[in-house]
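Student: Need coordinates for the below:
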Amino acid sequence: MPTVDNTVNISPASKLVDITKSDSTVYNPLIRAIYVGVAGDITVVDNEGNSVLFKAVPQGVVLGPFSVAKVMSTGTAASSLVGFV
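Tutor: As a prediction, this is how the structure comes out:
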């Protein structure tokens, strides 16, 4: 996995990005939070390669704070995801 800056950043997000679920896309800078537009499971991978499944995330929730390098296609049924970076 490519190296990404994983410095803890507690300031507000500087921009929002549409998240395209992908098993290979690495977000740099890391995603700090995720808005969930359509409910479902979300599988993410941190900068160290650890995978976590958030089960049955409701619509309208903002998940975070965390440092996420990938939002996986495999294991993610939720959609209309927006990343805070």
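
Student: show me where this structure has helices.
Tutor: With DSSP state H as the criterion, the chain has no helices.

Student: Tell me where this structure is predicted with low confidence.
Tutor: 1-10 (pLDDT under 70).

Student: hey, where'd the strands end up in it?
Tutor: 16-18, 33-38, 40-46, 51-57, 62-63, 68-71, 79-84 (DSSP state E).

Student: Ala39 and Phe54, how far apart?
Tutor: 11 Å (C-beta to C-beta, to the nearest Å). Where you see a C-beta, it was placed from the backbone N, CA and C, and this is true even at glycine.

Student: Sorry, slip of the keys, the one I care about is Val85.
Tutor: In terms of C-beta to C-beta, Val85 sits 18 Å off from Phe54.

Student: that older thread, the strands of the chain into CSV, with extra columns for distance to Ser24?
Tutor: Conversion of those to CSV gives the following (distance: least, C-beta to C-beta, whole Å):
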stretch, distance to Ser24
strand 16-18, 16
strand 33-38, 18
strand 40-46, 11
strand 51-57, 14
strand 62-63, 21
strand 68-71, 8
strand 79-84, 16
